[in-house]
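Enquirer: could you look at this predicted model? Sequence included:
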Amino acid sequence: MPTRPLFTAPESVFLVPFDGSFHLENTSTSPPDEDRRHPKKRLKVAERQLDDLQRLLLANKTWSLLLVFQGMDASGKDSTIRAVMSGISPTGCQVFNFKRPTRTELAHDFLWRTSRSLPERGRIGIFNRSQYEEVLVVRVHPEILESQRLPYKADSDEFWNERLESIRNQEQHLARNGVAILKFWLNISKDEQKDRFLSRLDEPRKNWKFNPDDVAERQHWDRYMHAYEEALNATSRPWAPWYAIPADSKPYMRAAIAEIIVRSLSSLNLRYPEPDATALVGFGEAREKLQEE
């Protein structure tokens, strides 16, 4: 463990502890009663702040920001990414959606496909699903491991602990090299997911979102919750924190996430680069030439 992490997680009631003490029964899928007011106004304020901070990030080019979104189907990953990032410049942002691995991706280790998509310095990278699928959906459906052609028998507690260790080690390496990592688990209730599935069936403009396989996955809800609890406990660290965000209210969830991102970028103390003496001389020469035209 590094003695001085480059990036330290902002405090939040939703921050997953770093000591492995996170328990699902102690979390809520609904916003705190005292904190429900004006989520849309809060989001607008955060959007303006995020726009300014992204410009600083892009100009500074010493840090990058990686945002990881995980959650059950219909938890609001797509709409939250769209809402929270709507005010920033697309030139400084990259979004990747990781679904079923391709044949090429399966020919590499499980971290390869997400490693290729990490954000460059000065940019914000967004993972809609991520390497964590390998310790979530694959853990719930270990038969998927057969397609990965591993040189040993997998699907033991030791195997999953090793995968979590690999993720944890990679995130620490990235943090040491200037990647600020924020991970959001969109904590939706089973009842709310049901209502959103029904909405997708009832509203023609949402039909395209519906996948019958998503309903089948509800039968594995408890196993998914166990996998999430294990993953969050094993990989929430000061330099790569998890936040368990109540997801039954989309407006509240979006505001809470946006505010955490703003606090995180603000903590980096970004500044616009200042020109050195040589650059200032060049500025003067360029100004003279422009004025002579």
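Expert: Done, it's in. Owing to the predicted nature of the structure, the values given are computational and were not obtained by experimental measurement. Numbering: from 1, shown residues only.
Enquirer: got a list of what residue 215 touches?
Expert: residue 197 (CB atoms under 8 Å, 6 or more residues apart in numbering). Using the backbone N, CA and C atoms, a C-beta is placed for each residue, glycine as well.
Enquirer: try residue 253
Expert: Counted by CB under 8 Å, 6+ apart, residue 253 has contacts 76, 80, 186, 245-247.
Enquirer: read off the pLDDT value for it.
Expert: Note for residue 253: predicted pLDDT of 96.
Enquirer: okay, and it sits in which element?
Expert: helix 250-266 (DSSP states H and E).
Enquirer: so what's the gap between that helix and the chain middle?
Expert: Centroid separation between helix 250-266 and its chain, computed with CA atoms, centre = their mean, to the nearest Å, is 12 Å.
Enquirer: list the buried residues for the helix or strand just after that helix?
Expert: The helix or strand immediately downstream of helix 250-266 is helix 277-292, counting by DSSP H and E. Of all the residues in helix 277-292, not one is buried under the rule 16 or more other CB atoms under 10 Å.
Enquirer: quick check, nearest of the contacts of residue 253 to residue 267?
Expert: Taking CB to CB as the measure, residue 245 is the one of these closest to residue 267, at 18.9 Å.
Enquirer: what bridges to the closest one?
Expert: residue 186 (DSSP bridges).
Enquirer: where does pLDDT dip in this structure?
Expert: By pLDDT under 70, the weakly predicted segments of the chain are 1-5, 34-36.
Enquirer: specify the angle between the lengthiest helix in the chain and helix 250-266 in degrees.
Expert: For the chain, the longest helix by residue count, based on DSSP state H, is helix 39-60. Interaxial angle, helix 39-60 versus helix 250-266 (axes from the mean of the first three to the mean of the last three CA atoms, to 10 degrees): 30 degrees.
Enquirer: following helix 39-60, which helix or strand comes up?
Expert: Per DSSP H and E, the helix or strand that comes after helix 39-60 is strand 64-71.
Enquirer: what comes into contact with that next one?
Expert: By CB under 8 Å, 6+ apart, strand 64-71 touches 57, 77, 80-81, 118-130, 132, 136, 174, 178-188, 228, 247, 261, 264-265.
Enquirer: pull up the pairing partners for that strand, direction included.
Expert: Per DSSP bridges, strand 64-71 is paired in its sheet with strand 124-128 (parallel), strand 179-187 (parallel).
Enquirer: following element in sequence after it, please.
Expert: helix 77-84.
Enquirer: show residues contacting that following helix.
Expert: By CB under 8 Å, 6+ apart, the list of residues contacting helix 77-84 reads 43, 46-47, 50, 69-71, 95, 126, 128-129, 186, 250, 253-254, 257-258, 261.
Enquirer: how far does it sit from the chain's center?
Expert: Put simply, helix 77-84 sits 11 Å off its chain's centre (CA atoms, centre = their mean).
Enquirer: over to stretch 10-29?
Expert: Relative to its chain's centre, stretch 10-29 lies at 16 Å (CA atoms, centre = their mean).
Enquirer: and for stretch 145-164?
Expert: With CA atoms, centre = their mean, you get 24 Å for stretch 145-164.
Enquirer: can you give me the end-to-end span of it?
Expert: 15 Å (CA to CA, to the nearest Å).
Enquirer: which of the residues in that stretch are buried?
Expert: Here stretch 145-164 shows 145, 148, 154, 159-160, 163-164 as buried, counting by 16+ other CB under 10 Å.
Enquirer: please name the nearest non-neighbouring residue to residue 217.
Expert: Among residues not flanking residue 217 along the chain, residue 73 sits closest, at 6.5 Å (CB to CB, 6 or more residues apart in numbering).
Enquirer: quick one: residues contacting that neighbour.
Expert: Contact analysis of residue 73 by CB under 8 Å, 6+ apart lists 193, 197, 211, 214, 217.
Enquirer: narrow the residues you listed to those in strands?
Expert: Cross-referencing the contacts of residue 73 against strands under DSSP state E gives no overlap.
Enquirer: taking the buried residues of stretch 145-164 one by one, which sit in helices?
Expert: Short answer: the buried residues of stretch 145-164 in helices (DSSP H) are 159-160, 163-164.
Enquirer: lovely, talk soon.
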